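1. Build me a model:
(chains A and B, ligands or ions: 2)
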Number of protein chains: 2
Amino acid sequence: MKICYLPGDGIGPEIMAQALRVLDVFKKEGMNIELEEALLGGAAVDATGEPYPPATQKAARAADAVLLAAVGGPKWDVLPRPQRPERGLLGIRKDLNLFANLRPAVLYPELANASSLKPEIVSGLDIMIVRELTGDIYFGEPRGISEEGGLRVGRNTMIYNEEEIRRIGHVAFKAAQKRNKKLCSVDKMNVLETTQLWRDVIIEISKEYPDVELSHMLVDNCAMQLVRAPKQFDVVVTGNMFGDILSDEASMLTGSIGMLPSASLDANNKGMYEPCHGSAPDIAGKNLANPLAMILSVAMMMRYTFANEAAATRIETAVKKVLASGLRTGDIFEEGTKRVSCTEMGDAVVAAL
Amino acid sequence: MKICYLPGDGIGPEIMAQALRVLDVFKKEGMNIELEEALLGGAAVDATGEPYPPATQKAARAADAVLLAAVGGPKWDVLPRPQRPERGLLGIRKDLNLFANLRPAVLYPELANASSLKPEIVSGLDIMIVRELTGDIYFGEPRGISEEGGLRVGRNTMIYNEEEIRRIGHVAFKAAQKRNKKLCSVDKMNVLETTQLWRDVIIEISKEYPDVELSHMLVDNCAMQLVRAPKQFDVVVTGNMFGDILSDEASMLTGSIGMLPSASLDANNKGMYEPCHGSAPDIAGKNLANPLAMILSVAMMMRYTFANEAAATRIETAVKKVLASGLRTGDIFEEGTKRVSCTEMGDAVVAAL
Ligand SMILES: [Mg+2]
Ligand SMILES: [Mg+2]
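-> Numbers count the residues shown, from 1 in each chain, chains lettered A, B, ... in the order given. Ligands and ions are numbered 1, 2, ... in the order given. As a prediction, the model looks like this:
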């Protein structure tokens, strides 16, 4: 397995270190793991002037899977847009053609109290949001700020062609087939033509999946339904921007975004795996970060890219054991549990493996 | 006061009837109220072929304020796009230049249990979301579905000029001055140039409001923060599409969108007032709808267009009394309260006035 890992910015290096310790356990047991470190985001800008430099492109392209911790921070927000860390993230997704973003929102029973929602509304929550990741308004041209008639004008373009919609639709229908066979497609078809095409295409390909129950929901209604009754959803599929908003909202329903991994896949199950949370510059370097989402990203990598369900389950079971034993980083701490540091949490997971 | 009222579709006529009874109380007491009914949405399409026909344009333009119940329903979703009910809504907002949408999300203590969030997270919630309403991707050109290289392509354009941002920014800063002097501006500046301009302009005009504490938040983070800790917000200002999603999410935090009014204002406080909820075709004609958001929209009209704080407060107090007496329509019913119909709820509010 060739794995390229990108510690990135903020708490990134701290949580990546814990994920590497988990991989090291498998390596010592004889798993054939080749690791290569590379730079992405602010760290890459500081070293090379570019958020996704050529050396990283080479390493990422050559790897079977990429592990990414987190990028970004206020330090780089003042840079010209092409040099910002987020451009590195968008760049690597586009470069590796990682068009399918899988974002589970799962509530661990031990953490039910962490949710701001009533336990009966969220306990047992298990949603998978499938977000298209390489198209939509985040990439559309024309874009930019220009001067027109003496006024500054900002402009971006939402755009999808039917082929882009079809391939993410197939990923979502297949994910639904492996779960509870319910797929909800989210759009704004009553106002945006782009998403009318989205709905048309999803309906067209649904004929190939007669065993999946397809429904449609407008994005503003979905933002409401996630709050009102999130357990109504199984798999949700939507475009890049709506998926950005809704997958973050869904992950917060669980009460701790520090627990949630994500996968971004290409057409051949090559993938980039990363926590849903950001680089948390406020706690960077303090050994306070929660490494579990990063560690669970390794589990997703084992499952989706390397089809090693045993290794994936073993990591997930170790994380559950550690939670059951009462250890918590600050973000998931509550009365009656034991507050531990990032490295102590890593120690516990390695021991539980 | 010249008021144009638009019953619209679905439950619209039922809830509008109750709002008119409230206005009738004031009229009988001698308030100078002139009413004119007009058609909007599906009802207008059925009668004239257009969702915002010329007769309605004339009546709406001539009025000081417009009361709208709700538009839309599956019956009209199959029509060509220009004839869809939602186009009527977008059309009247644009025609009357109603660029500022005020969306309160307030949790009445009597209904605290209705929320899916824990009471301690939402009790006392009082947010005002200020949504720009006549620009952004909902109106931007070019737009549409075309065929390019043998593929169908959907396209929409997000666009704002600095003047559009400035005028909604001023509305939001002024609203914050009248409340807790905190304004959070929501954008996606790290990816979308349009919203980078948004942030730049909001920062520029903030210098005129040194008493207001300005903060900025990315839209995906805001969708999370509304779930995690909604009481951190006072006034939120954002563009049309983000405002559509976030204001609906915020209203659902209260547990009943059937309770929430909204105002859409032009530069001279002429306004259109309507419930946040939709036309609920599933319960239309059954006398089950909750008329309170429509009635509270009348209160907002008294406050914002007619500067009649006494009348506004009197309506709001009547609604609070009715809730305290235990009457509930189906959408807000819970054990220990009395389930009533739409007309019975109207009876009770009229009696409490
Ligand atoms: Mg996001
Ligand atoms: Mg909406």
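2. Extract the C-alpha set from stretch A:201-208 and format it as CSV.
-> C-alpha atoms of stretch A:201-208 as CSV (Å, rounded to 0.1, in the frame of the first residue of the first chain):
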residue,chain,number,x,y,z
VAL,A,201,-30.5,13.0,-14.2
ILE,A,202,-30.9,11.4,-10.8
ILE,A,203,-34.4,10.3,-11.8
GLU,A,204,-33.1,8.9,-15.1
ILE,A,205,-30.4,6.7,-13.5
SER,A,206,-32.8,5.7,-10.7
LYS,A,207,-34.3,3.2,-13.1
GLU,A,208,-31.1,1.1,-12.8
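3. Show me which residues of that stretch are buried.
-> Within stretch A:201-208, the residues that qualify as buried by neighbour count (16 or more other Cβ atoms under 10 Å in any protein chain shown) are A:Val201, A:Ile202, A:Ile205, A:Ser206. (C-beta placed from N, C-alpha, C; glycine too.)
4. in chain A, which residue is closest to the centre?
-> Centroid check for chain A by Cα atoms, centre = their mean gives A:Ser262 as the closest residue, at 3.3 Å.
5. Nearest to chain B among the buried residues of stretch A:201-208?
-> Using Cβ to the nearest Cβ, A:Val201 comes nearest to chain B of these, at 7.9 Å.
6. in which helix or strand would I find that closest one?
-> Element membership for A:Val201, per DSSP states H and E: helix A:193-206.
7. Now name the helix or strand holding A:Pro7.
-> Using DSSP H and E, A:Pro7 maps to strand A:2-8.
8. Check what contacts that strand and list those residues.
-> With Cβ atoms under 8 Å, 6 or more residues apart in numbering or on different chains as the test, strand A:2-8 has contacts from A:12-13, A:16-17, A:19-20, A:23, A:33-43, A:56, A:59-60, A:62-71, A:85, A:279, A:301.
9. count of neighbours near A:Ala267?
-> 12 (other Cβ atoms under 10 Å in any protein chain shown).
10. and the helix holding A:Val201, how far from the chain's centre?
-> 24 Å (Cα atoms, centre = their mean, to the nearest Å).
11. That helix close to chain B?
-> Yes. With Cβ under 8 Å from any Cβ of the partner chain as the measure, helix A:193-206 is seen reaching chain B through A:Glu193, A:Thr194, A:Thr195, A:Gln196, A:Leu197, A:Trp198, A:Asp200, A:Val201.
12. same check, this time on stretch A:258-267
-> No. Residues of stretch A:258-267 are not located near chain B by Cβ under 8 Å from any Cβ, the shortest gap being 11.4 Å.
13. Can you give me the end-to-end span of that stretch?
-> 28 Å (Cα to Cα, to the nearest Å).
14. Please see if that stretch touches ligand 1.
-> No. Applying Cβ under 5 Å from the ion, one finds stretch A:258-267 separated from ligand 1 by no less than 10.0 Å.
15. Averaged pLDDT, that stretch. What do you get?
-> Here stretch A:258-267 scores 94 as its mean pLDDT.
16. Tell me which residues of that stretch come out buried.
-> Those would be A:Gly258, A:Met259, A:Leu260, A:Pro261, A:Ser262, A:Ala263, A:Ser264, A:Leu265, A:Asp266, for stretch A:258-267 by 16+ other Cβ under 10 Å.
17. So which of those belong to strands?
-> Of these, the ones assigned to strands by DSSP state E are A:Pro261, A:Ser262, A:Ala263, A:Ser264, A:Leu265.
18. Out of these, which is nearest to ligand 2?
-> Checking those against ligand 2 by Cβ to the ion gives A:Ser262 as the nearest, at 27.0 Å.
19. my guess is that closest one meets A:Ala105, correct?
-> No. With contacts defined as Cβ atoms under 8 Å, A:Ser262 does not count as touching A:Ala105, sitting 10.2 Å away.
20. Quick check: neighbours shared by the two?
-> Contacts common to A:Ser262 and A:Ala105, judged by Cβ under 8 Å, 6+ apart, are A:Ser247.
21. Tell me the secondary structure at A:Glu36.
-> strand (DSSP: H, G, I helix; E, B strand; the rest coil).
22. Around it, count how many other residues there are.
-> When neighbours are counted by other Cβ under 10 Å, A:Glu36 registers 17.
23. wait, does the helix or strand containing A:Arg166 make contact with chain B?
-> A:Arg166 belongs to helix A:162-178 when elements are defined using DSSP H and E. Yes. Counting by Cβ under 8 Å from any Cβ, chain B is contacted by helix A:162-178 at A:Glu162, A:Glu163.
24. Output that helix in CSV, but only the C-alpha positions, please.
-> What follows is helix A:162-178 as a C-alpha-only set of coordinates in CSV (Å, rounded to 0.1, in the frame of the first residue of the first chain):
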residue,chain,number,x,y,z
GLU,A,162,-25.2,15.5,-17.0
GLU,A,163,-22.1,13.3,-16.9
GLU,A,164,-20.8,14.8,-13.7
ILE,A,165,-24.2,14.3,-12.1
ARG,A,166,-24.6,10.8,-13.4
ARG,A,167,-21.3,9.5,-11.9
ILE,A,168,-21.9,10.9,-8.4
GLY,A,169,-25.5,9.6,-8.7
HIS,A,170,-24.2,6.1,-9.3
VAL,A,171,-21.9,6.3,-6.3
ALA,A,172,-24.8,7.4,-4.1
PHE,A,173,-27.2,4.7,-5.4
LYS,A,174,-24.5,2.1,-4.8
ALA,A,175,-23.9,3.4,-1.3
ALA,A,176,-27.6,3.2,-0.6
GLN,A,177,-27.8,-0.4,-1.8
LYS,A,178,-25.2,-1.3,0.8
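25. quick one, phi/psi of the closest residue to chain B within the stretch 251-353 of chain A?
-> Residue nearest to chain B within the stretch 251-353 of chain A: A:Met252 (3.9 Å; Cβ to the nearest Cβ). When quoted as degrees, to the nearest 10, the phi and psi of A:Met252 stand at phi -70, psi -20.
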